[in-house]
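In: predicted model, plus sequence, below.
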Amino acid sequence: MNFESVNNELAALGCKQSHIDAFWRNWYLGRPLTQAKFTFPKAAAEAAATLGTRLAQVLMPDSDDYLGANGARAVLRASDGQRIESVLLPRDGVCISTQVGCAVGCRFCMTGRSGLVRQLSDIEIAAQVVYAKSRQKISKVVFMGMGEPSHNRRNVLSALDHITRYAGIGYKELVISTVGDRRLFEELSHREIKPALAISLHSAFDEKRRMLLPNAADLTVKEILDFGKEYARLSKYPIQYQWTLIRDLNDGTDEIDQLASLWDGQFAVLNMIPVNKIDDSPYDRPDPDRIEALKAVCRSFHILLKFRDSAAQDVDGGCGQLRARAMREKQKAVRDGTAVIQIKDLK
Ligand code: SF4
């Protein structure tokens, strides 16, 4: 099931474009799907209940959210039993997933450990926004949950267009997060509608970056920064460079010295966030004095730095950690004989 197949279904039931537009607007608003000032074709109105049920089953809440001070995470279950995460963010935002698992394999990320399980369809990506809107006001969507958007380009861009068109969220409030990919860069540059872009950097040194992001596209830091500079010029919007800070690995001022040597002409913000400690990981959060030193060096080079703690850090909330916890709990329940679940639930 994807947007194109549902649109074809609606057209076959006699819907014109205006009906289809109203249908999807209603979906995001949580209204009856055929509610409109004009009348829907009889066949479409009759089929709406069944269609609504199918759409509601695209993603279903799997567990209560784990509420924390900085956000609420939800595990959502797809119709094949796969679980994904969304994070409801403070200030009317939501962070959504684009894949089940991820092939990039970032060393510090729980999602990267599972490898890629499967792509999410465009409807599954957008359904996370529908769910979030049922929980709180949403005016910003960041594609920064499980998965690497450039590895699921077609569905991500289809979802992006759909959200822009029907959910009432401006494209500048949609942020695609990527480790960097030539085809994605190329495609975004030529699109009329350009979303905001966040690029995961994590180090200014090529070798170290390759070690931290083993399966990212083979781009040098300079190539990534050059693209970022050009995209910011085209979109007239600052690039967000993402940097997960890891003690004694990429929290030294030498990183900023190196970054500054490549930074010339950037219209950008550097977002630093301490690593989210995960089970069995050798990576720790940096000491406060190292963070202060980084802030001072960024200031001296006029690099705009935003430092923050991970949303939902206190609710087990790094990439893929909530899904992992939900799966551990499910497996434990099976071992203890306290749950009856299907094998597909453990995928
Ligand atoms: S940090 Fe993002 S890109 Fe890296 S493995 Fe995790 S989900 Fe994939």
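Out: Yes, it's here.
In: for the rest of this, base every contact and every neighbour count on C-alpha atoms.
Out: Fine.
In: average pLDDT for whichever strand or helix holds Ser158?
Out: Taking DSSP states H and E as the definition, one finds Ser158 inside helix 153-166. Across helix 153-166, pLDDT averages out at 96.
In: remind me what that helix packs against, helices and strands.
Out: helix 17-29, helix 122-135 (3 or more C-alpha pairs under 8 Å, 6 or more residues apart in numbering; DSSP states H and E).
In: which of the helices or strands spans Val100?
Out: Using DSSP H and E, Val100 falls in strand 99-101.
In: buried by neighbour count: which residues of the helix or strand that that strand is followed by qualify?
Out: Where DSSP H and E defines the elements, the next helix or strand beyond strand 99-101 is helix 110-113. Judged by neighbour count (16 or more other C-alpha atoms under 10 Å), helix 110-113 contains these buried residues: 110-113.
In: nearest to the ligand, of the residues you listed?
Out: Gly112 (3.5 Å; C-alpha to the nearest ligand atom).
In: any idea how many residues pack against the closest residue to the closest one other than its chain neighbours?
Out: Spatial nearest neighbour of Gly112, chain neighbours left out: Gly105 (3.9 Å); criterion: C-alpha to C-alpha, 6 or more residues apart in numbering. Using other C-alpha atoms under 10 Å, Gly105 is surrounded by 21 other residues.
In: got the contact list for stretch 14-22?
Out: 7, 10-11, 33-36, 40-41, 43-44, 166 (C-alpha atoms under 8 Å, 6 or more residues apart in numbering).
In: widest-spaced pair of those?
Out: Ala43 and Tyr166 (23.1 Å; C-alpha to C-alpha).
In: quick check, Asn271 in a strand?
Out: Yes: when classified by DSSP: H, G, I helix; E, B strand; the rest coil, Asn271 is found to be part of a strand.
In: start the count at 47, not 1, going forward
Out: Got it, first residue is 47 now, which makes that one Asn317.
In: check the buried residues of helix 156-159 against the ligand, which are close?
Out: 157-158 (C-alpha under 6 Å from any ligand atom).
In: near the ligand, anything from stretch 235-247?
Out: No: taking C-alpha under 6 Å from any ligand atom as the criterion, stretch 235-247 and the ligand are apart, separated by no less than 8.0 Å.
In: name the residues that touch that stretch?
Out: Outside stretch 235-247, the residues touching it (C-alpha under 8 Å, 6+ apart) are 217-226, 234, 255, 267, 274, 277, 280-281, 283-289.
In: which of these are buried?
Out: Using 16+ other C-alpha under 10 Å, the buried members of the contacts of stretch 235-247 are 217-218, 220-226, 234, 255, 267, 274, 277, 281, 283-289.
In: filter those down to the ones close to the ligand.
Out: Of those, not one also sits near the ligand (C-alpha under 6 Å from any ligand atom).
In: quick one: closest of the helices and strands packed on helix 199-212 to Leu230.
Out: So among the helices and strands packed on helix 199-212, helix 168-181 is nearest, using C-alpha to C-alpha, at 16.4 Å.
In: interface residues of the protein facing the ligand?
Out: Residues of the chain lying near the ligand (C-alpha under 6 Å from any ligand atom): 148, 150-152, 155, 157-158, 192-194, 365.
In: ok, and the most crowded of those?
Out: Gly193 (32 neighbours).
In: pLDDT at it, what is it?
Out: 94.
In: can I assume it sits in a helix?
Out: No: assigned with three-state DSSP, Gly193 falls outside any helix and is coil.
In: for the residue in the stretch 197-346 of the chain positioned nearest to the ligand, what are its contacts?
Out: As assessed by C-alpha to the nearest ligand atom, the ligand sits closest to Val225 within the stretch 197-346 of the chain, at 6.1 Å. Residues in contact with Val225, defined by C-alpha under 8 Å, 6+ apart, are 194, 245-247, 262-263.
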